[in-house]
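Got a sequence here, can you model it:
(chains A and B)
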Amino acid sequence: MRRIPWTHYAAPQTFYGLAGVWWPPLAGLALALALAGMWVGFMVAPTDAQQGEGYRIIFVHVPASWMSMIIYLAMAFWGVVCLVFRARLAGMLSQALAPTGALFAFLSLWTGALWGKPMWGAWWVWDARLTSELILFFLYIGFIALTSAIEDPRRADRAGALVAIVGAVNVPIIYFSVKWWNTLHQGASVSLTRAPSMAQTMLWGMLLMALACWAYTVAMVLYRTRSLILQRERHTDWVAQLPECQPGVRA
Amino acid sequence: MNWESWSAFWHMGGYALYVWGSVGGCVVLLALEVLWARRQREQTLEWLRAEQAAAHGGDGA
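This next block holds a predicted model:
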């Protein structure tokens, strides 16, 4: 097996170029998947027997909630890489992930409130699932506040990595909360161990939207990491020689 | 197809506020994030160009 030259790709200069090549097609893919997912979710998937048309919130609520958890785990993963391998890029990836994660956590709560009101009669209840997701949102805010308060980027990376790793304990709590506690929130929408409880087209709509969120997140993280690389590497020759950094050039 | 008319589609079986409030919230916030990320990049580049111009003693064109 050929060894993948990780350290080569992890060099900010190489990554800056690669990320520049990859984000536009991923952004296009995200848009196409979202349009397809919304089409299936709103035009093809049938009306739900119990919740009528109100259930269609699922097509944004579940993907946003999944993404909010996955992004936090990704931040914890890069946090470990940052602490163990002292990789400069890992810290930047964590910081690029955090705003998108916070956004999806907020959207999970927002769409959840809009779903809870008509179905449960309440915008909010202090239920295990809802409360642990709210804590996740606060963890993102804490991570962003902490990393932006520390001037030295390497120290900010290490402090952020600790928050990401410790806070990751909350993610399985969110995921299993509907099993561990008696909650108002319904159980898992999709499970690998049992047949899907919903119509095939509903499932497809949700999966397309989830893939759209993945593509969006990767595109956004690549894009934002490029800005972080420019900020941190601004005194290097390769940045000074970039065409987009030449005085008088409009990017 | 699920809908008899556009008005039925927008009405969403009486759940319009909740369904469109959810979809709209997602669209608006994601659009804001995209705009914010673009602004961040433009500001970074402008700052770098200004630094370069200063370093080379040029007028910054």
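
and the closest residue to B:Arg49 other than its chain neighbours, how many neighbours?
Counting by Cβ to Cβ, 6 or more residues apart in numbering or on different chains, B:Arg49 lies nearest to A:Pro247, which is 4.8 Å off, once chain neighbours are set aside. Quick note: C-beta positions are derived from backbone N, CA and C, even for glycine. A:Pro247 is surrounded by 17 other residues when neighbours are defined as other Cβ atoms under 10 Å in any protein chain shown.

What spatial separation is found between A:Pro247 and B:Arg39?
Here the criterion is Cβ to Cβ, to the nearest Å. By it, A:Pro247 lies 20 Å from B:Arg39.

where does chain B dip in pLDDT?
Within chain B, the stretches falling below the threshold (pLDDT under 70) are B:1, B:57-61.

that older thread, give me the three-state assignment for the residue nearest to B:Arg49.
Reducing the assignment to helix, strand or coil with DSSP: H, G, I helix; E, B strand; the rest coil, the entry for A:Pro247 is coil.

same for whichever strand or helix holds A:Lys179, what does it pack against?
Assigned by DSSP states H and E, A:Lys179 falls within helix A:170-180. Packing partners of helix A:170-180 (3 or more Cβ pairs under 8 Å, 6 or more residues apart in numbering or on different chains; DSSP states H and E): helix A:58-85, helix A:128-149.

mind listing what's buried in that helix?
Along helix A:170-180, these residues count as buried under the neighbour rule (16 or more other Cβ atoms under 10 Å in any protein chain shown): A:Asn170, A:Val171, A:Ile173, A:Ile174, A:Tyr175, A:Ser177, A:Val178.

Now for the fifth one: which residues touch it?
Going back to what we said before, that points to A:Tyr175. By Cβ atoms under 8 Å, 6 or more residues apart in numbering or on different chains, the contact set of A:Tyr175 is A:Met69.

try it again with 10 Å
Applying Cβ atoms under 10 Å, 6 or more residues apart in numbering or on different chains to A:Tyr175 gives the contacts A:Ser65, A:Trp66, A:Met69, A:Arg129, A:Ser132, A:Ala188.

Do I have it right that the fifth one meets A:Gly167?
Meaning A:Ser132. No: with contacts defined as Cβ atoms under 10 Å, A:Ser132 does not count as touching A:Gly167, sitting 11.3 Å away.

coming back round to it: deepest in the core, which of the helices and strands packed on helix A:170-180 is it.
When you average the neighbours per residue for each of the helices and strands packed on helix A:170-180 (mean count of other Cβ atoms under 10 Å in any protein chain shown), helix A:58-85 leads with a mean of 22.

Check the offset of that one from the chain's centre.
Going by Cα atoms, centre = their mean, to the nearest Å, the spacing between the C-alpha centre of helix A:58-85 and its chain's C-alpha centre is 5 Å.

same deal with stretch A:153-170?
On the basis of Cα atoms, centre = their mean, stretch A:153-170 is displaced by 16 Å from the centre of the chain it belongs to.

and the residue most central in space within chain B, what are its phi and psi?
If you average the C-alpha coordinates of chain B and look for the closest C-alpha using Cα atoms, centre = their mean, you land on B:Ala31, 2.2 Å from that point. With angles defined as degrees, to the nearest 10, B:Ala31 shows backbone torsions of phi -60, psi -40.
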